[in-house]
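> Mind looking at a prediction? Sequence and model below.
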Amino acid sequence: MIIRSLYNAQYTSITCFMILFYTQNIEASTATLSEEESNHCLKVLRKKMGDIVHFTDGKGKLYQAKIINNHPKQCQLQIIDVLTDLPRRAFHLHLAIAPTKNIERMEWLLEKLVEIGIDEISFLHCEHSERKQLNISRLEKIAQSAMKQSLNLHLPIIQPLQKYGNFINAITAQQKFIAYLPETTPTLLKHQFEPATGYCLLIGPEGDFSPQEVKMALTKGFVPVSLGSARLRTETAGLVACHTIHLLYQ
């Protein structure tokens with residue numbers, strides 16, 4: 001199989017029109033789509049035996065393949081070519097956030113984060129949290145859909161809901177930031193930023209972090225930061241924080 005760069009002139013001209021599938025079920029030179037992906041490929045898009053399709057493994061690889069078995073629940077592909085193998089960015093971006101009561105706002109945030117690029121997302125149960133359950137399976141499907149739609153070849157790790165204290169004690173990122181609403185405005189994120197191999201951004205629930213939670217984060221090395229003068233909703237703060245890191249790293 002020939003490996004070509006995603007950014008060569010020949011390939012770049014067709015990416016905007018590409019329909020991308022996703023599977024990690026790869027063995028040697030064949031791959032098998034899930035039932036949902038098979039349905040989309042064969043019934044919705046009306047692909048048939050011998051047709052050429054493209055898929056990603058969510059780990060940076062983009063494959064070109066031919067349909068060799070049009071089973072409606074397990075469409076099988078013969079890999080023809082590896083069009084690209086993109087490495088991860090030079091830094092690991094990790095957002096830890098308390099999910100909102102309205103889960104649709106978290107789903108929107110997840111979709112946008114996958115589009116701009118995120119490596120890991122952790123959901124936290126804080127003292128002021130109103131949501132105590134998450135459907136991780138649904139969130140993973142939303143992330144996969146956003147990855148395919150945006151032609152982003154990397155799928156983030158989505159961690160299940162966990163206790164705030166457990167997360168704070170375990171995180172080891174090189175730079176750790178906490179955004180909250182203290183009595184005195186903290187320094188802007190852009191002024192605390194330094195080039196690093198890993199960043200963790202901590203965003204609290206709609207009722208903000210409790211004083212005890214803030215104290216715990218500060219003792220573990222989290223640096224308080226401001227995301228600007230506006231008072232942002234939880235999901236907006238998460239998106240602004242992550243996008244700011246992307247811009248500053250460039």
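Right, received. Where do you want to start?
> Low-confidence regions, the protein specifically.
Across the chain, the ranges flagged by pLDDT under 70 are 1-16, 183.
> distance of Glu140 from Lys101?
Per CB to CB, to the nearest Å, Glu140 is found 21 Å from Lys101. The C-beta positions use only the backbone N, C-alpha and C, and glycine is treated the same way.
> go on, Met49?
Taken as CB to CB, the span from Met49 to Lys101 is 48 Å.
> Just the strands from the chain, written as ranges.
For the chain, the strands defined by DSSP state E cover 20-22, 26-27, 30-32, 52-56, 61-69, 76-85, 92-97, 120-125, 157-158, 162-163, 175-179, 198-203, 223-225.
> what's next to the third one, contact-wise?
By that I understand strand 30-32. 23, 25, 55, 63, 65, 68, 74-79 (CB atoms under 8 Å, 6 or more residues apart in numbering).
> Can you say which of these are buried?
By the neighbour-count criterion of 16 or more other CB atoms under 10 Å, the contacts of strand 30-32 include these buried positions: 23, 55, 63, 65, 75-77, 79.
> Just the closest of those residues to Ile168, please.
Thr23 (35.5 Å; CB to CB).
> Hmm, Ser38 and that closest one touching each other?
No. The criterion here is CB atoms under 8 Å, and Thr23 misses it with Ser38 at 9.6 Å.
> circling back: which two in the contacts of strand 30-32 are spaced the farthest apart?
Maximum pairwise distance among the contacts of strand 30-32 (CB to CB): 17.1 Å, between Tyr63 and Gln74.
> in stretch 196-213, what counts as buried?
Judged by neighbour count (16+ other CB under 10 Å), stretch 196-213 contains these buried residues: 198-206, 208-210, 213.
> would you list those in CSV and tack on distance to Ser150?
Formatted as CSV, the buried residues of stretch 196-213 follow (distance: CB to CB, whole Å):
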residue, distance to Ser150
Gly198, 23
Tyr199, 21
Cys200, 23
Leu201, 21
Leu202, 25
Ile203, 22
Gly204, 28
Pro205, 28
Glu206, 28
Asp208, 31
Phe209, 31
Ser210, 36
Glu213, 33
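> Which pair of the residues you listed spans the longest distance?
So, the buried residues of stretch 196-213 by CB to CB: farthest apart are Gly198 and Glu206, at 27.4 Å.
> ok so, going back, quick one, which of the strands of the chain is nearest to Pro186?
Relative to Pro186, the nearest member of these by CB to CB is strand 223-225, separated by 4.0 Å.
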